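[1] got a predicted structure here, sequence first:
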Protein chains: 2
Amino acid sequence: MTSQPIKLNDKETVLQFLNSYDTFLFDCDGVLWSGTHLLPNVIETLSLLEKLNKTVLFVTNNSTKSRQDYTKKFANFGIKNVSKDQIFSSSFATAIYMKNFSSLDPKTDKIWVFGESGIEKELQEVGFTTLGGTDPRLLEEWDQQKTPFLPCDPSVKAVVAGLDTKINFHKLCVTFNYLKEDDVKYVATNIDSTFPGKPYLQPGCGSMIELLTKSSGRSEPPNCGKPSQLMLDTVFEAFPNLKREKCCMVGDRLNTDIKFGIDGKLGGQLLVLSGVEKESCLSDETHGFELPKYYADKLGDVYEHYSE
Amino acid sequence: MTSQPIKLNDKETVLQFLNSYDTFLFDCDGVLWSGTHLLPNVIETLSLLEKLNKTVLFVTNNSTKSRQDYTKKFANFGIKNVSKDQIFSSSFATAIYMKNFSSLDPKTDKIWVFGESGIEKELQEVGFTTLGGTDPRLLEEWDQQKTPFLPCDPSVKAVVAGLDTKINFHKLCVTFNYLKEDDVKYVATNIDSTFPGKPYLQPGCGSMIELLTKSSGRSEPPNCGKPSQLMLDTVFEAFPNLKREKCCMVGDRLNTDIKFGIDGKLGGQLLVLSGVEKESCLSDETHGFELPKYYADKLGDVYEHYSE
């Protein structure tokens, strides 16, 4: 276990924190924004890091958007100058995994997608042909005599599954039939059982994966989202000069973000209390997860105390 | 383990079989019909049983139809004179369970339904008010600001979940939010992970239950379908004079129908090979399920050998 976390609550501690790392990896929802609402002094904190010549990266389990789409989301929040190269989504990590580690050949092997456009776009960008996904014909009612998606296309060699908020029986039936094929690989973008909304919590990607896994009798698939180290491998492949001890993971969840940073042997972790976790998780450790090196009420405290 | 099953392949064996029981419980799909196709000499076999004054009951895990709707299905196949009282569906068994064993009061306690009309109709018939289910507003796109189904109605004290071939994210999100309420009970109609179609196998009720269970962090719910004995309890409640040793369960699956008959200590079980199982399951017992007392290529063989 790590020692008790240090709270970023004065200038001295913040300076010590900033001096310890040259790279900061940020979770997004619950850290930078909450739903559609930008959190206070986030832009100021990111500008400060830029001024201090820190490398800033964003690591999100959200697979529904491509990295390009994500840059627009940042811009809409007024967070300028974030480029696609700074963003690591579970859809991108999955595409890199499929390209490098799945033994599939993008020239001949197609991928059936259960999920949204972020997965399709990232897989296509690394060269794969995708089927399924957002194809509008999948929104038609399931009719096994008429579906254009079965019988299975023998050139499909993998199913990539992620969150699909347009889930329906047609998609489930076709995906299930691909998963019944022995030579079709099965990979999940992430396994978060829920994801936050305002005001309601919602069933997440991991719950949909559970349905597909249970019905098909498959083993649990590898997944490319935090806390899986496949996501961190993608970051280090893109930025081979990063030094783990000089990196700090910033997030709002112990079981994904902080675990991701600890398992990845990053130099530090900062838990912000503006998302899922409450301060009580630092004293009541019945959750069983390791604690971060630092914590703060919110990310903006870095800027606020630095400017004191 | 039972001794090696006896094949119904001549008149003498069929007479011995018929003389052993006064009540026959039939699974439907794979036994009487296959999808939309009536199996050979089924009507003749059922007429023969009627002529011999046998009690004939139908026990199905299909929760999508009410018993009343099921009588129409029988009539459409040309199987006459089947009354509602002869039919036991998992939706009916669930309604009886909710009425007798759930401690809910139908006068004040409502039930949220994830599933099709069979569940709603059976719950309503025993006096419950249902919400959700086939409400057309649930077919509208999920919008957590606009859904008329949240926040949770505090008079809802249970979620009943079954197969829903109109599954969508709106239904999942609302059901999930009810399941996050500590005082809301959770019951499943059945846990079949798949169900047959022509030509494609499809994800079943049990897979959807898995999604709901995983996302909400609930324990596995009790379920009222075969092989659960809650289903058999419903049969014996409706027909208290039945004698278990004089009953024979007829079905096409070892893991549901035959297990249901063996666990329920019924006098006999007949496996028909016109559905899920192939003859090889009788010699290769790596599936781990107990074998039935009798087997036949198809149900119609009873009539064919009797008439020899």
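    Happy to help now that I have it.

[2] pull the number of nearby residues for residue A:32.
    Neighbour count of residue A:32, defined by other Cβ atoms under 10 Å in any protein chain shown: 27. Quick note: C-beta positions are derived from backbone N, CA and C, even for glycine.

[3] if you could redo that for residue A:280, that was the one I meant.
    Other residues close to residue A:280 by other Cβ under 10 Å number 9.

[4] same question, the one 10 residues further on
    Burial of residue A:290 is recorded as 15 neighbouring residues (other Cβ under 10 Å).

[5] grab the CA positions of stretch A:125-134 and hand them over as CSV.
    Extracted in CSV, the C-alpha atoms of stretch A:125-134 (Å, rounded to 0.1, in the frame of the first residue of the first chain):
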residue,chain,number,x,y,z
GLU,A,125,-7.8,4.8,-39.6
VAL,A,126,-5.4,1.9,-38.9
GLY,A,127,-6.6,0.3,-42.1
PHE,A,128,-9.4,-2.1,-41.2
THR,A,129,-12.7,-2.5,-43.0
THR,A,130,-15.5,-2.6,-40.5
LEU,A,131,-19.0,-4.0,-40.7
GLY,A,132,-22.0,-3.4,-38.5
GLY,A,133,-21.5,-0.5,-36.0
THR,A,134,-23.6,2.5,-37.1
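
[6] spatially speaking, which residue is in the middle of chain A?
    In chain A, the centroid-proximal residue (Cα atoms, centre = their mean) is residue A:61; its distance is 1.5 Å.

[7] my guess is residue A:132 meets residue A:149, correct?
    Yes. Using Cβ atoms under 8 Å, residue A:132 is in contact with residue A:149, at 6.8 Å.

[8] list the contacts for the residue nearest to the centre of chain A?
    A:89, A:90, A:189, A:190, A:192, A:205, A:225, A:226, A:256 (Cβ atoms under 8 Å, 6 or more residues apart in numbering or on different chains).

[9] and these, which of them are in helices?
    A:90, A:205 (DSSP state H).

[10] so which of the contacts of residue A:61 is the most crowded?
    Most surrounded of the contacts of residue A:61: other Cβ under 10 Å gives residue A:189, at 36 neighbours.

[11] could you double-check that that one sits in contact with residue A:159?
    No. Using Cβ under 8 Å, residue A:189 is not in contact with residue A:159; the gap is 11.5 Å.

[12] coming back round to it: distance of the residue nearest to the centre of chain A from residue A:225?
    4 Å (Cβ to Cβ, to the nearest Å).

[13] go on, residue A:20?
    26 Å.

[14] now do residue A:295
    Where residue A:225 is concerned, residue A:295 sits at a distance of 23 Å (Cβ to Cβ).

[15] try residue A:72
    Residue A:72 is 21 Å from residue A:225, by Cβ to Cβ.

[16] do the same with residue A:287
    If you go by Cβ to Cβ, the gap between residue A:287 and residue A:225 works out to 19 Å.

[17] what parts of the stretch 151-300 of chain A come near chain B?
    Within reach of chain B by Cβ under 8 Å from any Cβ of the partner chain, the stretch 151-300 of chain A has these residues: A:165-169, A:172-173, A:176-177, A:180, A:193-194, A:197-204, A:206-208, A:210-212, A:214-217.

[18] quick one: buried ones out of these?
    Neighbour counting over those (16 or more other Cβ atoms under 10 Å in any protein chain shown) leaves A:165, A:167-169, A:172-173, A:176-177, A:180, A:193-194, A:200-204, A:206-208, A:210-212, A:214-216 as the buried ones.

[19] how about the residue of the stretch 1-150 of chain A found nearest chain B, what does it touch?
    Nearest to chain B, among the residues of the stretch 1-150 of chain A, is residue A:144, at 4.9 Å (Cβ to the nearest Cβ). Residues near residue A:144 by Cβ under 8 Å, 6+ apart: A:150, A:173, B:197, B:198, B:199, B:200, B:202.

[20] next, the buried residues of stretch A:89-101.
    A:89, A:90, A:91, A:92, A:93, A:94, A:95, A:96, A:97, A:98, A:99.

[21] keep only those of those that are in helices.
    Short answer: these in helices (DSSP H) are A:90, A:91, A:92, A:93, A:94, A:95, A:96, A:97, A:98, A:99.

[22] closest to residue B:104 out of those?
    residue A:90 (40.9 Å; Cβ to Cβ).

[23] what's the distance between the closest one and residue A:23?
    Taken as Cβ to Cβ, the span from residue A:90 to residue A:23 is 20 Å.

[24] what about the helices in the stretch 101-250 of chain A?
    A:117-125, A:169-179, A:205-216, A:229-238 (DSSP state H, counting those that start in this stretch).

[25] using TSV, lay out the ones you listed together with distance to residue B:36 and mean pLDDT.
    Below are these laid out as TSV (distance: least, Cβ to Cβ, whole Å; pLDDT from 0 to 100):
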stretch	distance to residue B:36	mean pLDDT
helix A:117-125	35	98
helix A:169-179	17	98
helix A:205-216	23	97
helix A:229-238	45	95
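
[26] of the ones you listed, which is nearest residue B:81?
    Here helix A:169-179 is closest among the helices of the stretch 101-250 of chain A (Cβ to Cβ), at 34.0 Å.

[27] tell me what angle the closest one forms with helix A:205-216.
    60 degrees (axes from the mean of the first three to the mean of the last three Cα atoms, to 10 degrees).

[28] hang on, the earlier thing: give me the common contacts of residue A:61 and residue A:225.
    Going by Cβ under 8 Å, 6+ apart, residues that sit against residue A:61 and also against residue A:225 are A:90, A:189, A:190, A:192, A:205, A:256.

[29] the residues you listed: which two are farthest apart?
    A:189 and A:256 (13.0 Å).

[30] need the residues touching each of these two.
    Between them, residue A:189 and residue A:256 share the contacting residues A:61, A:225, judged by Cβ under 8 Å, 6+ apart.

[31] break chain A into its domains for me.
    A:6-61+A:226-306, A:93-216 (automatic domain parsing).

[32] and residue B:308, which of these is closest to it?
    Short answer: domain A:93-216, nearest of the domains of chain A by Cβ to Cβ, at 38.5 Å.

[33] ends of that closest one, how far apart?
    Terminal residues of domain A:93-216 lie 24 Å apart, using Cα to Cα, to the nearest Å.

[34] do stretch A:238-255 as well
    Start-to-end, stretch A:238-255 (Cα to Cα) is 25 Å.

[35] mind listing what's buried along that stretch?
    Those buried within stretch A:238-255 under the rule 16+ other Cβ under 10 Å are A:242, A:247, A:248, A:249, A:250, A:251, A:252, A:253, A:254.

[36] show only the entries of those residues found in strands.
    Of the positions in these, A:247, A:248, A:249, A:250, A:251 sit in strands, assigned by DSSP state E.

[37] dump these to JSON lines, plus pLDDT.
    As requested, these are arranged in JSON lines below (pLDDT from 0 to 100):
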{"residue": "A:247", "pLDDT": "98"}
{"residue": "A:248", "pLDDT": "98"}
{"residue": "A:249", "pLDDT": "98"}
{"residue": "A:250", "pLDDT": "98"}
{"residue": "A:251", "pLDDT": "97"}
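
[38] sheet partners, orientation included, of the lowest-mean-pLDDT helix or strand in chain A?
    Lowest by mean pLDDT, DSSP states H and E among the helices and strands of chain A is strand A:194-195, with a mean of 90. Applying DSSP bridges, strand A:194-195 is found paired with strand A:202-203 (antiparallel).
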